[in-house]
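> take this sequence and fold it.
(chains A and B)
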Amino acid sequence: DGGITQSPKYLFRKEGQNVTLSCEQNLNHDAMYWYRQDPGQGLRLIYYSQIVNDFQKGDIAEGYSVSREKKESFPLTVTSAQKNPTAFYLCASSYGQEGEKLFFGSGTQLSVL
Amino acid sequence: AQSVTQPDIHITVSEGASLELRCNYSYGATPYLFWYVQSPGQGLQLLLKYFSGDTLVQGIKGFEAEFKRSQSSFNLRKPSVHWSDAAEYFCAVGPREYGNKLVFGAGTILRVKS
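Numbering: from 1, shown residues only, chains lettered A, B, ... in the order given. This next block holds a predicted model:
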């Protein structure tokens, strides 16, 4: 079955540590997105990529980094510069056409130890 | 800048009662409009979307939404709520340009009383 896989489901970060969240899709989608979800704030766009080897910052990119070396994969690294990383992280993908719906993964809950 | 407002953080309705979730947006032109639903600890699923044409849009699970340009609103409705509808609902807007970056509202949590 086609879909988006996020791993791990739960992740814990120690102070000063970088952690990487995985996102893989087998939908042959060109565009991929990372959103951060905090209670009462909805989803906020961190980074997005419309094509392999290219990505753009979203609204809250500070303290995060991404790569897009393969069409299927769009990992997100939460760096030590992100001082408040505890949140639910959602990856999504689409063909990138205007007005098209997003397909979402089931998310990763990141917490700080 | 574009924005989406969902005025109700929580709504509680009795099973079998009707439901309306409010959504207002601010955008320079008519955007694409979406409603998504999220169960706890899960990703989001599309309920319905509006692109153009008929302002009353039908979606999955018996939901519908009406686009009112004069009020910049896109309210979600369901005539009879089921206990399984309890979830969080997000309204989103997307620009009419390549890239499909959506802006989401803060969400409305729906509780259903039996």
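
> what ranges do the strands span in chain B?
Under the criterion DSSP state E, chain B carries strands at the ranges B:3-5, B:10-14, B:19-21, B:24-26, B:32-38, B:44-50, B:56-58, B:64-68, B:73-78, B:87-94, B:103-104, B:108-113.

> let me have those strands in TSV, extended by distance to A:E98 and mean neighbour count.
All C-beta spots, glycine's among them, are computed from the backbone N, C-alpha and C. What follows is those, written out as TSV (distance: least, C-beta to C-beta, whole Å; neighbours: other C-beta atoms under 10 Å in any protein chain shown):
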stretch	distance to A:E98	mean neighbour count
strand B:3-5	17	16
strand B:10-14	31	13
strand B:19-21	25	18
strand B:24-26	16	17
strand B:32-38	7	23
strand B:44-50	12	21
strand B:56-58	17	14
strand B:64-68	17	18
strand B:73-78	17	20
strand B:87-94	7	24
strand B:103-104	14	22
strand B:108-113	26	17
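
> what helices and strands are in contact with the helix or strand encompassing A:I46?
When elements are assigned from DSSP states H and E, A:I46 belongs to strand A:42-51. If you count contacts as 3 or more C-beta pairs under 8 Å, 6 or more residues apart in numbering or on different chains; DSSP states H and E, strand A:42-51 packs onto strand A:31-38, strand A:54-57, strand A:64-66, strand B:103-104.

> could you tell me the angle between that strand and strand B:32-38?
Comparing the axes of strand A:42-51 and strand B:32-38 via axes from the mean of the first three to the mean of the last three C-alpha atoms, to 10 degrees yields an angle of 120 degrees.
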